[in-house]
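Novice: I'd like to go over a predicted model; first the sequence, then the structure.
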Amino acid sequence: MDLARVRDRCEQEIRRLRISSPLNVAALCEDLARERDRPIRLLPLSSRPSNPSGLWVSAKTADYIFYEESAGSVHREHIILHEIGHLVFGHSGVADLDDLTARLLAPNLDPKVVRRLLCRGKYDGVDEQEAELFATLVLLRADFQVVPVRGPDIIDDPSGVLAKLKAVLGGDGHA
């Protein structure tokens, strides 16, 4: 796929989503959640340098977007929008995990198995290019005017899976 085609797909999606200024990323997630009939949860994360600054996890009943909480406001929204780009374009899975993270998440499994189960494939160059261009064009459309995302006060996590994932990725373990 060439860059012009990628840009056309991004522009078409941005028009469909009716992006305006100022951009409220949390409201955009609420709109997408209603459209897709499944919640999208935005979760702050203090990650290790070896991990990505953002991560989209498509779980059985919801989508979870983890973002680097220490990033500046516009950068934080860009991270979230990049992950939303993966979501709206139907890219598969989450970014590749390093061996240490995979071992911490599931110490009794080979890291390759954990990546295969959790990651469901590795993003190729086109997927990353499309998600990155989508995030940048959304911010341009909004004139870089964004309503800062605020992390949730409480997360419903009865199984503890989100808390464990957050702890493994470098957070304090409190989802």
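Specialist: Good, I have the coordinates. Numbers count the residues shown, from 1 in each chain.
Novice: looking at this structure, which helix or strand is least sure?
Specialist: Using mean pLDDT, DSSP states H and E, the weakest-scoring helix or strand in the chain turns out to be helix 111-119, at a mean of 58.
Novice: which residues sit against the helix or strand just after that one?
Specialist: Later in the chain than helix 111-119, the nearest helix or strand by DSSP states H and E is helix 125-141. For helix 125-141, contacts defined as C-beta atoms under 8 Å, 6 or more residues apart in numbering pick out 1, 3, 6-7, 9-11, 13-14, 19-21, 23, 74, 77-79, 81-86, 88-89, 91, 123, 146. C-beta here means a position set from N, CA and C on the backbone, and glycine is covered the same way.
Novice: buried ones in helix 125-141, by neighbour count?
Specialist: Neighbour-count burial for helix 125-141 flags 127-135, 137-139, 141 (criterion: 16 or more other C-beta atoms under 10 Å).
Novice: what helices and strands are in contact with the helix or strand encompassing residue 14?
Specialist: Using DSSP H and E, residue 14 maps to helix 3-17. Helix 3-17 sits against helix 25-36, helix 73-88, helix 125-141, with contacts defined as 3 or more C-beta pairs under 8 Å, 6 or more residues apart in numbering; DSSP states H and E.
Novice: turn those helices into CSV, including distance to residue 55 and mean pLDDT.
Specialist: As requested, those are exported to CSV (distance: least, C-beta to C-beta, whole Å; pLDDT from 0 to 100):
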stretch, distance to residue 55, mean pLDDT
helix 25-36, 15, 94
helix 73-88, 7, 92
helix 125-141, 12, 92
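Novice: now the ones you listed in a markdown table, with distance to residue 65?
Specialist: Listed next are these as a markdown table, based on distance: least, C-beta to C-beta, whole Å:
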| stretch | distance to residue 65 |
| --- | --- |
| helix 25-36 | 8 |
| helix 73-88 | 5 |
| helix 125-141 | 12 |
